[in-house]
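Engineer: everything below, folded, please.
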Amino acid sequence: MVTTWTWSPMVITLVVAAAAGYLAALWRATRRGLHWPPLRTICWLSALGLTVLALDGWFGTYSHVLFSVHMVVHLLLIMVIPALLVWAQPIRLLHDTAGPGTAATIDRVRASRIFRISVSPRFTLPLYSAVLLLTHLTGFQQAMSTHMWIHDAELVLYLVTGYLLLLPLAGDESTVEPKRPYALRLVVLAACVGPDTLVGVTLMMSSTVRAPAYAAARDWGPSALADQNLAGIVMWLGGDGLMMVIMIIVAGQWVRTGDRDSSLGPWLDGIRSRSLLGATGATTDIDNEQAALDAYNARMAELNGPRSGTHGGVRTGARPDTSTTAATARSDARDHLL
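Structural biologist: Numbering: from 1, shown residues only. Alright, predicted model coming up:
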């Protein structure tokens with residue numbers, strides 16, 4: 001763990017450049033009198049340090065011969081490091097310390113359709129699921145173990161996927177549009193637990209070796225199957241545990257902001273309103289008690305209203321003026337709504 005380090009000039013160059021750029025922007029912010037919490041700087045430097053450890057440290061060295069260690073690198077790149085990068089808020093720092101032209105460019109990029117789609121949960125959640133499933137439950141790991149360019153591309157893919165997923169969920173600097181409701185953020189993060197669990201349990205219970213190249217590169221340590229089962233445990237417990245930690249932090253952000261909005265966003269709230277109140281209440285805020293009551297009464301009137309036509313000389317829409325019939329009609333209407 002102390003002596004098995006490698007030297008990757010590109011990794012070191014990028015890390016040093018990122019650290020220098022962030023610190024330079026921080027220095028400009030200080031000169032302008034802008035307050036920048038020290039915790040954000042700590043998050044940025046910690047993310048860069050973990051990147052070096054994951055790629056050039058003993059994690060990176062042993063990830064080529066042990067599937068379980070490679071899984072640890074995956075979790076660092078797709079969860080831990082992206083979360084730290086998001087909490088460091090480099091986009092906001094650059095925006096606040098750059099010139100007017102650069103700041104305007106950042107605003108245009110954040111407001112662009114491509115960027116908004118790239119950080120939308122409708123895109124990032126399927127991307128996150130596909131990356132985990134396709135790189136672990138297919139022959140990808142075997143190909144990655146035998147081709148270095150695939151290995152390098154996989155590392156970049158994991159880092160980008162995690163950053164795009166967490167940027168609007170764990171942070172608040174991704175877009176100039178209104179922030180996503182915290183309730184929706186927690187729902188999306190909870191949904192990410194599914195792919196983690198599926199991959200972890202599948203590898204843990206599998207009796208077929210999916211990447212024999214790991215064991216072929218060494219003559220010591222666990223067998224290929226035992227190492228693969230251990231990798232499944234790492235993904236299952238480690239992935240779910242890390243996602244839970246991120247959810248707890250996001251919930252803490254929600255409490256700290258004092259935001260009382262419990263909506264799930266316009267799309268999901270629209271589905272919820274239509275399912276409860278019908279088409280007439282599709283635009284109603286069902287968390288507003290008076291608005292929900294009015295919409296409910298309108299829905300009852302719609303379901304229990306008069307019907308046209310006659311039967312046997314008696315108008316079918318006429319309702320007898322008796323309390324028993326009225327109570328029965330209201331009960332039928334509620335049953336129909338449910």
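Engineer: and residue 170, how many residues sit next to it?
Structural biologist: Other residues lying near residue 170 total 21 when counted by other CB atoms under 10 Å. The C-beta positions use only the backbone N, C-alpha and C, and glycine is treated the same way.
Engineer: where's it relative to residue 300, distance?
Structural biologist: 42 Å (CB to CB, to the nearest Å).
Engineer: where does residue 142 fall, phi/psi-wise?
Structural biologist: Residue 142 adopts backbone torsions of phi -70, psi -40, taken as degrees, to the nearest 10.
Engineer: what do you get for residue 138?
Structural biologist: Backbone torsions for residue 138, taken as degrees, to the nearest 10, come to phi -120, psi -170.
Engineer: which of the helices or strands spans residue 64?
Structural biologist: Assigned by DSSP states H and E, residue 64 falls within no helix or strand.
Engineer: same deal with residue 115?
Structural biologist: Here residue 115 is assigned to helix 113-118, by DSSP H and E.
Engineer: please apply the same query to residue 35.
Structural biologist: Assigned by DSSP H and E, residue 35 falls outside every helix and strand.
Engineer: and the strands in the protein?
Structural biologist: 310-311, 314-315 (DSSP state E).
Engineer: so where's the stretch 101-250 of the chain shaky on pLDDT?
Structural biologist: In the predicted model, the stretch 101-250 of the chain carries pLDDT under 70 at residues 174-178.
Engineer: residue ranges for the helices of it, please.
Structural biologist: For the stretch 101-250 of the chain, applying DSSP state H, counting those that start in this stretch gives helices covering 113-118, 121-136, 140-146, 148-170, 182-191, 193-205, 213-216, 224-233, 240-257.
Engineer: so which elements touch the shortest one?
Structural biologist: Going back to what we said before, that points to helix 213-216. helix 140-146, helix 224-233 (3 or more CB pairs under 8 Å, 6 or more residues apart in numbering; DSSP states H and E).
Engineer: pull the CA atoms of it into CSV?
Structural biologist: Extracted in CSV, the C-alpha atoms of helix 213-216 (Å, rounded to 0.1, in the frame of the first residue of the first chain):
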residue,chain,number,x,y,z
ALA,A,213,-8.2,-12.0,-16.9
TYR,A,214,-7.9,-10.7,-13.4
ALA,A,215,-6.8,-14.0,-11.9
ALA,A,216,-4.6,-14.8,-15.0
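Engineer: what comes into contact with it?
Structural biologist: 64-67, 70, 141-142, 145-146, 209, 223-224, 227 (CB atoms under 8 Å, 6 or more residues apart in numbering).
Engineer: which positions within it qualify as buried?
Structural biologist: 213, 214, 215 (16 or more other CB atoms under 10 Å).
Engineer: and the fourth one, by the same measure?
Structural biologist: Residues of helix 148-170 classed as buried under the neighbour-count rule (16+ other CB under 10 Å) are 151, 154-155, 158-170.
Engineer: which two among those are spaced furthest apart?
Structural biologist: 151 and 168 (29.0 Å; CB to CB).
Engineer: ok, back up a step: what would the helices of the stretch 101-250 of the chain look like in JSON lines with distance to residue 57?
Structural biologist: Output for these, formatted as JSON lines (distance: least, CB to CB, whole Å):
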{"stretch": "helix 113-118", "distance to residue 57": "30"}
{"stretch": "helix 121-136", "distance to residue 57": "22"}
{"stretch": "helix 140-146", "distance to residue 57": "19"}
{"stretch": "helix 148-170", "distance to residue 57": "14"}
{"stretch": "helix 182-191", "distance to residue 57": "28"}
{"stretch": "helix 193-205", "distance to residue 57": "24"}
{"stretch": "helix 213-216", "distance to residue 57": "19"}
{"stretch": "helix 224-233", "distance to residue 57": "19"}
{"stretch": "helix 240-257", "distance to residue 57": "19"}
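Engineer: of all those helices, which one is nearest residue 39?
Structural biologist: helix 240-257 (11.9 Å).
Engineer: now the closest one, how far from the chain's geometric center?
Structural biologist: 12 Å (CA atoms, centre = their mean, to the nearest Å).
Engineer: coming back round to it: what's the most buried one of the helices and strands packed on helix 213-216?
Structural biologist: Highest mean neighbour count of the helices and strands packed on helix 213-216: helix 224-233, a mean of 20 (counted as mean count of other CB atoms under 10 Å).
Engineer: which residues does that one contact?
Structural biologist: 66-68, 70-71, 199-207, 209-212, 214-215, 221-222.
Engineer: narrow those to those that are buried.
Structural biologist: 66-68, 70-71, 199-200, 202-204, 209-211, 214-215, 222.
Engineer: from those residues, which is closest to residue 108?
Structural biologist: Looking across the buried ones among the contacts of helix 224-233 and measuring by CB to CB, the closest to residue 108 is residue 199, at 37.8 Å.
Engineer: give the contact list for that closest one.
Structural biologist: By CB under 8 Å, 6+ apart, the contact list for residue 199 reads 132, 133, 136, 137, 232, 235, 236, 239.
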